[in-house]
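Trainee: pasting the sequence and the predicted model now:
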Amino acid sequence: MSLPVDAFTPLQHELKAEVINRPSTTLWQDAWRRFKLNPLAMGGLVVLSAIVLFALVGPFFSHFDYKTNDLESVNLFPNWVHPFGTDELGRDILTRVMFGARISLAIGFGSVLINLTIGIFYGGISGYLGGRVDNVMQRIIDIIFSVPDLLYVILLMVVLGSGLGNIFIVLGIANWVPMARIVRGQILSLREQEFVLAARTLGAGTKRILMKHLLPNSVGQIIVVAALQIPAAIFMEAFLSFIGLGVQPPLVSLGSMAASGRLNIPSYPHSLLFPAGMIAVLMLAFNFVGDGLRDAFDPKMRK
Amino acid sequence: MARYLIGRILSAIFVIWLVVTLTFFLMHAIPGGPFSSEKVLPDQVIANINARYHLNDPLSKQYFDYMNNMLHFNFGPTFRYEGRTVNDLFAAGMPKTGALGGLATVISLIGGTVMGVVAALRQNKTADYFVTFLATIGISVPSFVIATFLQYYVGYKLHWFPPVGWGEMKNLVLPAAALSAYPIAQITRLTRTSMLDTLNQDYIRTAKAKGLPGYVIVFRHALRNALIPVVTFLGPFFAYILTGNFVIEFVFNIPGIGQFFVTSISNRDYPVIMGTTVLFATLLVTFNLLVDMAYTLVDPRIKLTGRKEA
């Protein structure tokens, strides 16, 4: 028996389950939504923004200069004119903390930018090419990793000489290994996925696949590592300042202020307290934000 | 196992060789000789100094001489301490650095574990918040600041322990406390997280259901597994104890290797810088090898094979 075609009418199905009732969220919206729910991370972000503002804009509102000596107001305790007091050369500590924070932040961001570049190149190539190239590149990383970074940071600083530019370079090339490892791991797992196969089928070249598909998908992890490396770089600069290899006067960083304020602690503890406190707050804020970002980008945390 | 060990030892030797070589050439890449920052000297004096320290030899000969000396644990003369060799400095500094590092290791491992366990068992209670607060300070304040505060307030103001000096056990307390501030904080955080994780496992519930007393559950069942992540931190931990010494010995004026190293940096005393780098790198590579082997002892799930997991 046969039925005419008109006997069939499409079923007007209104299956509720099929309807997408929420707008799709991008990776960024998703991460930001989870980040917002984390009070520690949000607190860190607020404090961090405040410090950045303080460091960038603060000096314009200050009546003092960070490097001009004023020998008539030496070692003043905190007062109305100098809220943080003055140091042994009569320089306003508040203004110096602002400038120091500026330099320390610049060192943190600048050196991470350098190791980010090296790490992405190295890890990207190693992960994408795989095989023997990857093997050799990973052995090299293992070797570099087995020597504590502090030792070769000191060696390189001794060889290159202290100074802001060299600190950027040395801290930048000291910390690229963890970044390269993360990038490689991401690329290794991503390149086996179907969308890469699809892209290749459509004729996309290596460069395009790396730049347009693999790296954008690893951005979350890269940001997490970078956010945790910035405070590490600031910390290391403080150490370098302490052993005399950091930024040189008249330039100040928070680390170099703390290192010189240390000597005045018996009589003028404020000259150590303010820069050291600033370092601690900065470290905490960065670490909270970094931890928050890690939770926000970690797929395992997705609910 | 044997194959893995031989491979690891060979690669460790290779790493040490690489460090020695890089250190040597980096030090020689510095423009000007080690004595060029001195006041102007007569040519004859400079020639004599260069001859005395073999600085006129071709670089390749200097390199092979240096390697040969390294093989015999001979780190050469210092440039600043007349008549003393780097070996003399190491021999004088090693016991001090070793005692300080050893005490700090004990404090960090025991203190960190105990604090982590307490925090985990009292999760979200006062003890947990207090421990977390201490750990937060440990990771966010530079060690030279902590050392200075301890030295001045606990040592000088409160007179609890001598602020400087060397010789007696009580001299070691403040430096060791300052040196362990950072690692103790890290170990506490690691132990706390991993302990919380372990306490939620099914076998702990089984142990509780069996009616075992609390301390047996904590020490026999939970802690042993919770410590595995702490073992993975041991490598960086030893690195920190060694390099952290630079700051602590300098602040507390302890004539150990760390203090020699920091002074040698400002003195541009290259043989001491090279010797310390090589010594510390060798120690660390050895430590890391031992730590890797320790994994198999604490975690039977890890098997050492000749191949590394990708």
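Mentor: Noted; the coordinates are in hand. Residues are numbered from 1 along each chain as shown, chains lettered A, B, ... in the order given.

Trainee: summarise which helices and strands the helix or strand of chain B with the lowest mean pLDDT is packed against.
Mentor: Ranking every helix and strand in chain B by mean pLDDT, DSSP states H and E puts helix B:43-52 at the bottom, with a mean of 73. Of the remaining helices and strands, none touches helix B:43-52 by 3 or more CB pairs under 8 Å, 6 or more residues apart in numbering or on different chains; DSSP states H and E. Any C-beta I mention is one placed from the backbone N, CA and C, and that applies to glycine too.

Trainee: centre of the chain to that helix, how far?
Mentor: 38 Å (CA atoms, centre = their mean, to the nearest Å).

Trainee: just the helices from the stretch 1-150 of chain B, written as ranges.
Mentor: B:2-29, B:43-52, B:59-71, B:86-121, B:126-140, B:143-149 (DSSP state H, counting those that start in this stretch).

Trainee: which residues does the most centrally placed residue in chain A contact?
Mentor: The residue lying closest to the centre of chain A (CA atoms, centre = their mean) is residue A:227, at 2.9 Å. Counting by CB atoms under 8 Å, 6 or more residues apart in numbering or on different chains, residue A:227 touches A:286, A:289, A:290, A:293.

Trainee: and of the residues you listed, the nearest to chain B?
Mentor: Within the contacts of residue A:227, the smallest distance to chain B is 9.2 Å, found for residue A:286 (CB to the nearest CB).

Trainee: neighbours of the closest residue to that closest one other than its chain neighbours, how many?
Mentor: Spatially, and ignoring its direct neighbours in sequence, residue A:286 is nearest to residue A:231 (3.8 Å; CB to CB, 6 or more residues apart in numbering or on different chains). For residue A:231, the count of nearby residues is 23 (other CB atoms under 10 Å in any protein chain shown).

Trainee: residues contacting residue A:231?
Mentor: Residue A:231 neighbours (CB under 8 Å, 6+ apart): A:108, A:282, A:283, A:286, A:287, A:290.

Trainee: of these, which belong to helices?
Mentor: Residues of these located in helices (DSSP state H): A:108, A:282, A:283, A:286, A:287, A:290.

Trainee: what residue in the stretch 1-150 of chain B comes nearest to chain A?
Mentor: residue B:140 (3.9 Å).

Trainee: distance of that residue relative to residue A:109?
Mentor: Separation of residue B:140 from residue A:109 (CB to CB, to the nearest Å): 19 Å.

Trainee: between the two, which is the more surrounded one?
Mentor: A direct count of neighbours by other CB under 10 Å for residue B:140 and residue A:109 places residue B:140 higher, at 20 against 16.

Trainee: against residue A:76, how distant is the residue nearest to the more buried one when sequence neighbours are not counted?
Mentor: Excluding its sequence neighbours, the residue lying closest to residue B:140 (CB to CB, 6+ apart) is residue A:283, at 3.9 Å. Per CB to CB, residue A:283 is found 28 Å from residue A:76.

Trainee: swap in residue A:63?
Mentor: Residue A:63 is 14 Å from residue A:76, by CB to CB.

Trainee: of those two, who's got more company?
Mentor: residue A:76 (19 against 8).

Trainee: ok, and the closest non-adjacent residue to the more buried one?
Mentor: Per CB to CB, 6+ apart, closest to residue A:76 is residue A:86, 4.4 Å.

Trainee: in the stretch 151-300 of chain B, which spans are helices?
Mentor: B:169-199, B:202-209, B:214-216, B:224-226, B:228-232, B:234-251, B:257-267, B:270-298.

Trainee: quick check, distance from the first one to the centre of its chain.
Mentor: Just to be clear, that refers to helix B:169-199. Distance, centroid of helix B:169-199 to centroid of chain: 14 Å (CA atoms, centre = their mean).

Trainee: give the contact list for the residue in the stretch 201-303 of chain A positioned nearest to chain B.
Mentor: Of the stretch 201-303 of chain A, the residue with the smallest distance to chain B, taken as CB to the nearest CB, is residue A:283 at 3.9 Å. By CB under 8 Å, 6+ apart, the contact set of residue A:283 is A:231, A:234, A:235, B:139, B:140, B:141.

Trainee: can you tell me how far it sits from residue A:231?
Mentor: 5 Å.

Trainee: re the thing from before, and which of the ones in helices among the contacts of residue A:231 is nearest to residue B:156?
Mentor: residue A:283 (26.4 Å; CB to CB).

Trainee: now do residue 231, the pLDDT please.
Mentor: No chain specified, so I'll use chain A. For residue A:231, the model assigns a pLDDT of 87.

Trainee: let me rephrase: I mean chain B.
Mentor: 80.
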